[in-house]
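Engineer: After the sequence you'll find the predicted model.
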Amino acid sequence: MSVMRSVVTGVGAYLPANIVTNDDLAKIVDTSDAWIRERTGIVQRHKVAEGEATSDLAVAAARQALERAGRTPADLDLIIVATTTGDLTFPATAAIVQRKLGAPVLIAFDVQAVCSGFVYALSVADGFVARGMARCALVIGAESMTKLMDYTDRGTCVLFGDGAGAVILEPSEQPGTTADRGLLGFALRCDGTKQDLLYVDGGPSTTGTVGHLRMAGQQVFRHAVVNIAEGVEAAAADAGIEVASVDWFIPHQANLRILKGVAHRLGIDEAKVICTVDRHANTSAASIPLAMAEAVADGRIQPGQLLLLEAMGGGLTWGACVLRL
Ligand code: UT7
């Protein structure tokens, strides 16, 4: 029986020009390049310029994804932005992106699942495509995480960076087998009882301020390695594939030790892991599409290959997606 699949037809990325090294941070907080490299694998991160908003990063990534898909903004009928650092409390950053791209009136909204946001947004877009409500969907992960940092907290301010990645999804009727192109399987999770492990201490209906990111790093670390693996197995089962059969593993880029720990737990060869955390740090919802865009652009990821995406973040949320490019 044939099924309607959402196929990735273009991938794009954008990183702000300004680079902040570990040594730069060591000048303002009690840390060192050696500690950050050893505990996280991070060497540098990108930071938005004064006046550069999350929507600007999103639009730059979107334009590249559209071009690579051979599409223009006029073709779009759905925009979803996964972000936790939108330009304004409202409207949605997706609405601002629609305006800046000059796209026609369409469906546009944000998804807020923090670092898991891109995986959540892909599954939402897939629903629109499957129902015939989207024929050219733009899904973006875009963040200005450095805006949420408390630069007196060395336990968090060294970990995050800014950037955006985007994909174009288009419908394609496929035979309905594991050889199909497109989004093949998902697992999405949230456990709100663990809110206190990772959150921002501000918001419109509580403090009336933007707030700063707070994290119990070690506990989040333990949760990540154990629960991500379960989510990945569930997404693989949903897609009907074996984890070992994937060509590339594209994890959320929070910490090199987590990436390796999860890959090891799942029996995935380290050579199959796409890693950008060293240069991008943790860009929350942007990290997966940024990593994917890099590996597609440099030719590592080839059309027809099977990709496994996973993420974990505030909520706590976590999830995974299996797709064939
Ligand atoms: O995207 C959302 C998901 N987020 C994550 O997945 C992050 C998960 N957590 C982590 O990646 C790690 O837990 C961290 C990188 C945040 C911390 O690494 P850790 O190995 O768990 O360190 P720790 O928190 O146990 O701290 C060890 C020591 C402490 O000093 P004492 O108490 O042993 O004297 C910290 O105060 O390292 C100290 N420390 C630092 N030292 C230098 C913490 N941050 C820093 C720092 N520079 N930036």
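Structural biologist: Done, it's in. Numbering: from 1, shown residues only.

Engineer: Tell me which residues touch the closest residue to residue 106 other than its chain neighbours, please.
Structural biologist: Excluding its sequence neighbours, the residue lying closest to residue 106 (CB to CB, 6 or more residues apart in numbering) is residue 77, at 4.9 Å. Every residue, glycine included, has its C-beta placed from N, CA and C. Residue 77 is in contact with 104, 106, 107, 133, 134, 135, 136, 137, counting by CB atoms under 8 Å, 6 or more residues apart in numbering.

Engineer: Most widely separated two among the residues you listed?
Structural biologist: 104 and 133 (14.9 Å; CB to CB).

Engineer: After the lengthiest helix in the chain, which helix or strand is next? Please name it.
Structural biologist: As assigned by DSSP state H, the longest helix anywhere in the chain is helix 217-239. Counting by DSSP states H and E, the element after helix 217-239 in chain order, helix or strand, is strand 248-251.

Engineer: Against which helices or strands is that following strand packed?
Structural biologist: The helices and strands touching strand 248-251, judged by 3 or more CB pairs under 8 Å, 6 or more residues apart in numbering; DSSP states H and E, are helix 256-266, helix 287-297, strand 306-313.

Engineer: mind listing the strands for the stretch 1-150 of the chain?
Structural biologist: Ranges of strands in the stretch 1-150 of the chain, per DSSP state E, counting those that start in this stretch, are 3-14, 18-21, 44-47, 78-82, 107-111, 137-144.

Engineer: Now the residue of the stretch 1-150 of the chain at minimum distance from the ligand. Nearest residue, chain neighbours left out?
Structural biologist: Of all residues in the stretch 1-150 of the chain, residue 31 sits closest to the ligand, at 3.3 Å by CB to the nearest ligand atom. Distances taken as CB to CB, 6+ apart put residue 154 closest to residue 31, at 4.8 Å, once the chain neighbours are dropped.

Engineer: Tell me how far residue 265 lies from residue 197.
Structural biologist: 20 Å (CB to CB, to the nearest Å).

Engineer: Tell me which of these two has more neighbours.
Structural biologist: Applying other CB atoms under 10 Å to residue 265 and residue 197 shows that residue 197 carries more neighbours, namely 20 against 15.

Engineer: for the ligand, what are the nearby residues on the stretch 151-300 of the chain?
Structural biologist: Contact residues (CB under 6 Å from any ligand atom) of the stretch 151-300 of the chain with the ligand: 154, 155, 158, 217, 218, 220, 221, 224, 254, 255, 258, 282.

Engineer: Would you list the buried entries among these?
Structural biologist: Buried members of those, counted by 16 or more other CB atoms under 10 Å: 154, 158, 217, 220, 221, 224, 254, 255, 258, 282.

Engineer: How much space separates the third one from residue 191?
Structural biologist: It refers to residue 217. 18 Å.

Engineer: Ok, the last one next?
Structural biologist: The gap separating residue 282 from residue 191 is 20 Å, by CB to CB.

Engineer: Next up, the contacts around whichever residue of the stretch 201-325 of the chain sits closest to the ligand.
Structural biologist: Here the stretch 201-325 of the chain gets closest to the ligand at one residue, residue 217, 2.9 Å apart by CB to the nearest ligand atom. By CB under 8 Å, 6+ apart, the residues touching residue 217 are 155, 156.
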